[in-house]
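Peer 1: Fold the following.
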Amino acid sequence: MSDTLYHPTTSEIAAQRKELAPKIHEAFEDFSRAVFADGALPQKTKQLIAVAVAHVTQCPYCIKGHTKLARRTGASPEEIMEAVWVAAEMRAGGAYAHATLALHALNGADARD
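Peer 2: Numbers count the residues shown, from 1 in each chain. Okay, the predicted model is just below:
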């Protein structure tokens, strides 16, 4: 991560975030714990999903954090890399699917047809 664009997360920054909106911070942490708890999907699967989504949203903090959490929940490096490739395919797939809009425009049709 670039020091100029993505500053490292520090305990001071985390404390300030909590201090400035404590109730919302607590609610978010409770929500996060509930989302990533074992349920219909095990924690490992949820963390692999999070790794993939983090790559699509391109959040460097999420990529780093959820990759580490995926490892802690038992995901192998190979599983993590496959999750990244799924994200890459989905991102590319969106561009591929939306080519329909460009082709309609090129053919003189309304893009909403």
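Peer 1: For the one helix or strand residue 34 maps to, buried residues please.
Peer 2: Using DSSP states H and E, residue 34 maps to helix 22-36. Residues residue 36 are the ones in helix 22-36 that count as buried (16 or more other Cβ atoms under 10 Å). C-betas here are computed from N, CA, C, even on glycine.
Peer 1: Beyond that helix, next helix or strand please.
Peer 2: Immediately after helix 22-36, counting by DSSP H and E, sits helix 43-57.
Peer 1: how far out from the middle of the chain is the helix or strand that comes right after that next one?
Peer 2: Using DSSP H and E, the helix or strand that follows helix 43-57 in sequence is helix 60-72. The chain centroid and the centroid of helix 60-72 are separated by 10 Å, computed with Cα atoms, centre = their mean, to the nearest Å.
Peer 1: gap between the residue nearest in space to the middle of the chain and residue 63?
Peer 2: Taking Cα atoms, centre = their mean, the centroid of the chain lies closest to residue 54, which sits 2.1 Å from it. For residue 54, the distance to residue 63 equals 5 Å [Cβ to Cβ, to the nearest Å].
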